[in-house]
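K.L.:
with the sequence up front, the predicted model follows.
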Amino acid sequence: MDFKVNDSVLVLDENLAGRIKKIEGKQIFIETTDGFLLDFESYELVKDTSKSDFRTGIFSHKSLHAVLDEKEKPVRRKSVRVKSKERFEPTMEVDLHINQLVKSARGMANHDMLSLQLDTAKHKLEWAISKRVQKVVFIHGVGEGVLKMELEYLFGRYNVKYYDANYQKYGLGATEVYIFQNSTSD
């Protein structure tokens with residue numbers, strides 16, 4: 001690389017920069033930004049082109065008309081196609097099976113398990129309402145129907161509509177909840 005006096009240079013492998021003050025063969029003397037005069041071999045330096053021409057780094061070489069044409073060109077956005085079947089799919093599923101909520105149900109009474117399941121359902125429903133999720137499926141299983149009855153009692157206290165979820169996907173053990181969205185924000 002051919003260096004000249006007053007070129008701005010960077011030192012390789014060190015955090016140093018400066019201007020060339022003197023060149024003697026392969027020895028190049030630079031004055032650092034701190035004012036020190038240091039000598040380096042030419043292969044230890046590179047030209048600092050970031051300061052050489054400020055305008056070329058910022059401004060494009062394109063003509064003004066080409067830039068304006070590019071900016072004014074309408075951008076076609078790809079629309080995401082939703083299959084009619086998927087349009088009605090719930091956006092959130094909550095599995096209330098006890099083995100999904102705790103590592104081990106050993107030692108838990110039936111009442112404790114039911115309370116945990118109902119608390120989980122309540123928290124998930126309130127979260128969905130706060131995040132404006134419109135449909136939630138609560139998977140409760142078939143069993144004796146105690147959890148399902150308690151869930152229906154819980155859902156009755158909210159501004160929701162609930163019904164059996166898609167039988168093909170969930171069988172008889174799930175309830176889908178449709179959350180009515182307020183049109184005005186409180």
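P.N.:
Nice, thanks for sending it over.
K.L.:
relative to Trp127, how far out is the closest residue to Lys26 other than its chain neighbours?
P.N.:
Distance criterion C-beta to C-beta, 6 or more residues apart in numbering; nearest residue to Lys26, sequence neighbours excluded, is Ser42 at 5.1 Å. Any C-beta I mention is one placed from the backbone N, CA and C, and that applies to glycine too. Using C-beta to C-beta, to the nearest Å, Ser42 is found at 65 Å from Trp127.
K.L.:
for Arg157, same thing?
P.N.:
Arg157 is 16 Å from Trp127, where distance means C-beta to C-beta.
K.L.:
more neighbours: which of those two?
P.N.:
Trp127 (13 against 9; other C-beta atoms under 10 Å).
K.L.:
the more buried one belongs to a strand?
P.N.:
No: counting by DSSP: H, G, I helix; E, B strand; the rest coil, one finds Trp127 to be helix, located in no strand.
K.L.:
I figured Glu93 hits Lys135, correct?
P.N.:
No: with contacts counted by C-beta atoms under 8 Å, Glu93 stays clear of Lys135, the gap being 9.8 Å.
K.L.:
what segments of this structure are strands?
P.N.:
8-11, 17-24, 27-32, 37-41, 45-47, 92-95, 135-139, 160-164, 174-179 (DSSP state E).
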